[in-house]
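In: I would like the atomic coordinates for the input below:
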Amino acid sequence: MKLQRRAGLLVAVGGGKGGVGKSIFSVALAVTLARRGASVILADLDLGAANLHTYLGMMKKTPTIADFILRKVPALEDVLLETPHTDMKFISGAEFVPGMANPAHWMKLKIIRHLKALPADYLVMDLGAGVHFNVLDFFCTSDIGVVMTAPEPGAVMNAYGFIK
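Out: Below you'll find the model as predicted:
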């Protein structure tokens, strides 16, 4: 079955360093778009250290993207979670599963295909820090890429490395 693109704009939020505000910006952007009446899916694609669910107040165990990757569910839509915000759904990042932080290339392509097929006006992807191939691949599939940094030399240099 060939998946068709149904998602509107794909927005990736990335950067070279952790702790510069990528997750907070991603949540704020998703909530703002949803409050304006757009349908939004917020996806935690920090597959090695997912924590975006905590910013949404979701502390209980929920389905995650790992369930899709490990074929516990047939479609990525099966792990969409309701949020406290009208018109906004959430895909929780992978819980710790060995190797999940570095999925095989074919798996990244599958994830990207399924992300693009999700029904939403906006898909906001919160990426992990660094210049790893999986982070850059997710970033490069977006329609809009936002690079976050902080006003400190290390963060700026890492952002520059990310952009290069």
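In: name the residues that touch the longest helix belonging to the chain?
Out: Of all the elements of type helix in the chain, the one with the most residues (DSSP state H) is helix 22-35. By C-beta atoms under 8 Å, 6 or more residues apart in numbering, the surrounding residues in contact with helix 22-35 are 11, 13-15, 40, 42, 46, 51-52, 55-56, 85-88, 121-122, 124-127, 129, 146, 148. In short, each C-beta sits where N, CA and C put it, glycine included.
In: buried subset of those residues?
Out: 11, 13-15, 40, 42, 46, 52, 55-56, 85, 87-88, 121-122, 124-127, 129, 146, 148 (16 or more other C-beta atoms under 10 Å).
In: relative to Val13, how far out is the spatially most central residue of the chain?
Out: When the chain is reduced to its mean C-alpha position, the nearest residue by C-alpha atoms, centre = their mean turns out to be Met125, at 3.0 Å. To Val13, Met125 is 7 Å away according to C-beta to C-beta, to the nearest Å.
In: go on, Val31?
Out: 13 Å.
In: quick one: low-confidence parts of the protein?
Out: 1-2, 96 (pLDDT under 70).
In: can you show me the helices along it?
Out: So, for the chain - with DSSP H - the helices run 22-35, 52-55, 65-69, 105-116, 133-140, 153-163.
In: between those, which gets nearest to Val97?
Out: helix 65-69 (5.2 Å; C-beta to C-beta).
In: what's the closest one in contact with?
Out: 43-45, 47, 73, 75-76, 78-79, 91-95, 97, 100, 103, 107, 111, 114.
In: so which of the residues you listed sit within strands?
Out: 43-45, 91 (DSSP state E).
In: out of those residues, which is nearest to Arg36?
Out: Nearest to Arg36 among the ones in strands among the contacts of helix 65-69, with distances taken as C-beta to C-beta, is Ala43, at 19.2 Å.
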